[in-house]
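Participant: below are the sequence and a predicted model for it; my questions follow.
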Amino acid sequence: MIIKRVFEGFTVLFCSSSFLISFAILIFIVTRVRPFISDVSILLTCNTYVTLIGSSFMTLLIMIYSVYGGINQPLSFDDYACQLRSYVNYVFITGFYYSCAIQAAFRFSRVVFAKYRILQSHRMFDL
């Protein structure tokens, strides 16, 4: 029982630190770099951090409810809000993987197909 609480504490600590670090980096990018519409690489990086912030926040929220439900037994985990939180977390995690795939395709087209202008245009990555 104590080991379970320690692992839950570590998970909450790591989720909250991931949320704070990702939020700080996104604020730094927005204030210092100032991404423009034409700068695709910075926009893709911002997209990755937005999905990471959402996923970290939802995982933190789910873990807080789990810890609170372990302490307070009358809390039910079989409700619509619990399913909605897990679904939103799944959407953010999937968005993170898609964001990484789009970044990989962007870098691939920049390096391998450097001579083809159509593959480097902004319209290519409007998904």
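Facilitator: Thanks, I have the structure now. Remember, predicted model here, so these are calculated numbers, not experimental data.
Participant: helices of this structure, start to end?
Facilitator: 2-28, 40-71, 80-111 (DSSP state H).
Participant: tell me the helices and strands packed up against the first one.
Facilitator: Identification of packing neighbours for helix 2-28 by 3 or more C-beta pairs under 8 Å, 6 or more residues apart in numbering; DSSP states H and E yields helix 40-71. Bear in mind the C-beta positions are built from the backbone N, C-alpha and C, glycine included.
Participant: same for the helix it packs on, what does it pack against?
Facilitator: Looks like helix 40-71 contacts helix 2-28, helix 80-111 (3+ C-beta pairs under 8 Å, 6+ apart).
Participant: check contacts around the residue with the largest distance to the centre of the chain.
Facilitator: Using C-alpha atoms, centre = their mean, the residue of the chain lying farthest from its centre is K115. It sits 32.9 Å away. Residues near K115 by C-beta atoms under 8 Å, 6 or more residues apart in numbering: none.
Participant: that older thread, deepest-packed of the helices of the chain, please.
Facilitator: helix 40-71 (a mean of 18; mean count of other C-beta atoms under 10 Å).
Participant: tell me the confidence at F113?
Facilitator: Reported pLDDT at F113 in the predicted model: 77.
Participant: let me fix that: I64
Facilitator: 86.
Participant: likewise F77?
Facilitator: For F77, pLDDT reads 65.
Participant: what is the least confident helix or strand in this protein?
Facilitator: helix 40-71 (a mean of 86; mean pLDDT, DSSP states H and E).
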